[in-house]
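> Compute the structure for the input listed below.
(2 chains)
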Amino acid sequence: MTALWITIVAVALASAAIRAAGPMLVGGRELPPGANAVVALLAPALLAALVVTETFGEDGRLVLDERAIGVAVGALALALRAPVLLAVALTALATALARAFV
Amino acid sequence: MVEGIDGNGDSHRDRRGRSEERSIDGGYLAGARAVMPFALATVVLGISFGVVAYSLGWGMVAPITFSVITFSGTAQFAVASVLGSGGGAVPAVVAAVLLNARFLPMGVAVAPSLKGGPLRRALEGQAVVDASWAMASREGGRFDREFMIGATIPQVIGWICGTVVGVLVGGVVGDVERLGLDVIFPAFYLSLLVEELRDGGRTITVVLIAAALALALVPFAPPGIPVLAACAAALLGLRGRSS
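Below is the predicted model of the structure:
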């Protein structure tokens, strides 16, 4: 149990330090003009990486499983301009159905 | 087009000051409102974390404390998976740090939009979580500080409440994956990504490169590195800017 608590406290401190580092080091200084264009593209890059790794990644391997079916259904719903919550619900439903029947 | 690169620093500050004043009422609330669907999903994810942690024999106090002081789903699930498979404290902490390393460039990006001295900025930086940060990202590389903080609070509350429910019902609920709940987050990130893609042009290129980079690295790099490295795709923003 001690190992667990050491881990919990260490991870909490590390996460806080990582989140604090950028704002503390950069402070209120404006980033150089070129950096603004990079920063504006950070969000789509991060989101794309999160989507593909959480859909196709598993324990350091690439896998094609029921998650891909679900996320594809969600993507289709979003492309057809479905509301976000509906798209997400359809994603979960499609994944659950695929796991149950495929 | 980009605020802050024109020579007149004062007018820039004025413009910013005004927009901050205007958003004091709306900003926090607007963020909190916009993030509600996410906060609900965070509750569900928190429940599954609580269930997993309880099933590993962590008891009730440890998982809840963990969620209160860390509020990072990716890091906490990583710790659960490393310790659960017999790993020690060191690999568990390393995995969590690698996964959360993306908060470093995200924190740098948001830094100029925060307020106050170093300590206050360090504190405000704690509000950086994926969904809030991405939703608060504005044109020209600026961030809506109030919107981001307002969006983070409901998610933190949802995460903690979810964890509490999860450890309480720990023994009762079975496999959360069977319900397809593990794909809630990629689906939500996808919905935010679709908004970003409406910008068209270079954004689409960056998204394709980032996705390809992340996928290519998954089999070779430690967890967390693919997502961190994929952020490098944003460097494409440097192209075509130099005159």
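
> Burial check on the nearest residue to B:Val94 once chain neighbours are set aside, number of neighbours?
Among residues not flanking B:Val94 along the chain, B:Pro222 sits closest, at 7.9 Å (Cβ to Cβ, 6 or more residues apart in numbering or on different chains). No exception for glycine: its C-beta is placed from N, CA and C like everyone else's. B:Pro222 is flanked by 13 other residues according to other Cβ atoms under 10 Å in any protein chain shown.

> Roughly how far does B:Pro222 sit from A:Leu47?
Applying Cβ to Cβ, to the nearest Å, the value for B:Pro222 to A:Leu47 is 21 Å.

> likewise B:Val108?
Distance, B:Val108 to A:Leu47, by Cβ to Cβ: 18 Å.

> Then B:Gly73?
Taking Cβ to Cβ, one finds B:Gly73 at 15 Å from A:Leu47.

> Name the residue in those two with the higher neighbour count.
Neighbours were tallied for B:Gly73 and for A:Leu47 using other Cβ under 10 Å; the higher tally belongs to A:Leu47 (30 against 22).

> element containing residue 96?
Let's take chain A. Element membership for A:Ala96, per DSSP states H and E: helix A:84-101.

> was after chain B, sorry
helix B:89-100.

> Low-confidence stretches in the chain?
Using chain A here. The model of chain A has pLDDT under 70 over residues A:1.

> The chain in question should be chain B.
Along chain B, the parts satisfying pLDDT under 70 run over B:1-26, B:171, B:173-176, B:240-243.

> Can you find the residue of it that comes nearest to chain A?
Here chain B gets closest to chain A at one residue, B:Gly107, 2.5 Å apart by Cβ to the nearest Cβ.

> just the helices in chain B please.
Per DSSP state H, chain B carries helices over the ranges B:9-34, B:36-55, B:61-70, B:73-84, B:89-100, B:103-110, B:118-124, B:130-136, B:145-169, B:184-197, B:202-217, B:225-230.

> typed the wrong thing, it's chain A
Counting by DSSP H, one finds helices in chain A at the ranges A:2-26, A:33-56, A:66-79, A:84-101.

> among these, which is the most enclosed?
helix A:33-56 (a mean of 25; mean count of other Cβ atoms under 10 Å in any protein chain shown).

> For the closest residue to B:Glu196 other than its chain neighbours, which residues are in contact?
Spatial nearest neighbour of B:Glu196, excluding adjacent residues (Cβ to Cβ, 6+ apart): A:Pro44 at 4.1 Å. Applying Cβ atoms under 8 Å, 6 or more residues apart in numbering or on different chains, one finds that A:Pro44 lies in contact with B:Leu193, B:Glu196, B:Leu197, B:Asp199, B:Thr203, B:Val206, B:Val207, B:Ala210, B:Ala234.

> And A:Pro44, how far from B:Phe147?
18 Å.

> re the thing from before, name the nearest residue to the residue of chain B closest to chain A, ignoring sequence neighbours.
Spatial nearest neighbour of B:Gly107, excluding adjacent residues (Cβ to Cβ, 6+ apart): A:Gly22 at 2.5 Å.

> Hmm, the one you found is touching B:Pro112, no?
No. With contacts counted by Cβ atoms under 8 Å, A:Gly22 stays clear of B:Pro112, the gap being 10.2 Å.

> could you dump the helices of chain A to JSON lines with distance to B:Tyr54?
Compiled in JSON lines, the helices of chain A are given as follows (distance: least, Cβ to Cβ, whole Å):
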{"stretch": "helix A:2-26", "distance to B:Tyr54": "13"}
{"stretch": "helix A:33-56", "distance to B:Tyr54": "23"}
{"stretch": "helix A:66-79", "distance to B:Tyr54": "24"}
{"stretch": "helix A:84-101", "distance to B:Tyr54": "22"}
